[in-house]
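[1] With the input below, show me the fold.
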Amino acid sequence: MTPLPASENLGFRYQPAQAPVLAWLDRRDFARARRAAPGFSLWGDHSEFVAERDALFLGYGYAGLTARRQRVPFEAFCRWVRLTGAPLDIDGLDEFAAHWRWRAEHPGAAVVGRFGAPGDPERNAVNAGDAQCLLIRPEIYVRWRDDYERTRLLSGPDLDDYAAHVVDCCLPSPRRARRPAVNSS
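    Numbering: from 1, shown residues only. Predicted coordinates:
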C-alpha cells in the first residue's frame, strides 16, 4: 500500500504562503500618519521608519522569505480603515499593502466579502476562483447598509457588493479614470 502525500490525507491542497508585503510611505504620507495615528509616532522621523522597514525586509530575507515592498498612499489606507474596520496601525497598513499589491497584479479578479476582524487567519486570502477576500467588521457593514436603506429607493447591497465598493474606493483599478497630466505651457 502506497501512502498518500500529507496534503491528500488532510483533504486540502497545499498552497505556499504568500510572500510578506511591507508597506512603504513617502515622507509626506508618513507625516500625515504620525498626525493621524498614535502608533506611527513611535518613529522619530521618516528615516527611522525607513530603517525599521529595511531591517524587517532584511530579516525576512535571512529567514528565507522573499518579502516585497509596496508603496501605498496614506489617504487610501484611511478610507480602507473606515470601510473595513481594519486597525489604523502598522499591521493594518501592511495588510492594506498586501491587498494593494494583489489587486495591482490581478485587476480584473472578483471580490468576495466576509465578516471578520483583524487577526483572522483568512486575511488577504485568495480562494480557488482567484477572488480577493476582504474581511469586514460586521458593525461597519451593518451601519453602512442601514444608512443605505434609509433612502428607501433601493434595498441594501449584500456583503460582496460592499466589498467591491471598498475595492473601488481604496485600491488600484483599471476602471478608474486617470488624472490628465498638467501641461506647464
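[2] how much space between the most centrally placed residue in the chain and residue 157?
    Nearest to the geometric centre of the chain sits residue 96, at 2.5 Å (Cα atoms, centre = their mean). Separation of residue 96 from residue 157 (Cβ to Cβ, to the nearest Å): 22 Å. For every residue, glycine as well, the C-beta is placed using N, CA and C.
[3] Same question for residue 107.
    22 Å.
[4] Pull the number of nearby residues for the closest residue to residue 169 other than its chain neighbours.
    Spatial nearest neighbour of residue 169, chain neighbours left out: residue 79 (5.5 Å); criterion: Cβ to Cβ, 6 or more residues apart in numbering. Using other Cβ atoms under 10 Å, residue 79 is surrounded by 15 other residues.
[5] tell me the contacts of the closest residue to residue 170 other than its chain neighbours?
    If the residues on either side of it in the chain are set aside, residue 170 comes closest to residue 80, at 4.5 Å by Cβ to Cβ, 6+ apart. Residue 80 makes contacts with 86, 92, 96, 99, 166, 170, as judged by Cβ atoms under 8 Å, 6 or more residues apart in numbering.
[6] Check which residues of the one helix or strand the second one maps to are buried.
    It stands for residue 92. Taking DSSP states H and E as the definition, residue 92 sits inside helix 90-105. Buried residues in helix 90-105, counted by 16 or more other Cβ atoms under 10 Å: 90, 92-103.
[7] again, but for stretch 35-53
    In stretch 35-53, residues buried by neighbour count (16+ other Cβ under 10 Å) are 37, 39-40, 43, 46, 49, 53.
[8] now stretch 135-149
    Using 16+ other Cβ under 10 Å as the test for burial, stretch 135-149 gives 135-137, 140-141, 144-145.
[9] Filter the residues you listed down to the ones in strands?
    Residues from the buried residues of stretch 135-149 lying in strands, with DSSP state E as the criterion: 135-136.
[10] Which residue ranges of the protein form strands?
    Taking DSSP E as the test, the strands found in the chain are 21-24, 68-71, 111-115, 132-136.
[11] Of all the ones you listed, which one is nearest residue 58?
    Of all the strands of the chain, strand 21-24 sits nearest to residue 58, with 10.8 Å by Cβ to Cβ.
[12] Contacts made by that closest one with the rest, please.
    Residues outside strand 21-24 that contact it (Cβ under 8 Å, 6+ apart): 53, 56-57, 67-72, 77, 90, 93-94, 96-98, 101.
[13] who touches the residue nearest to residue 33 when sequence neighbours are not counted in this structure?
    Spatially, and ignoring its direct neighbours in sequence, residue 33 is nearest to residue 40 (4.1 Å; Cβ to Cβ, 6+ apart). If you count contacts by Cβ under 8 Å, 6+ apart, residue 40 has them with 30, 33-34, 49, 89-90.
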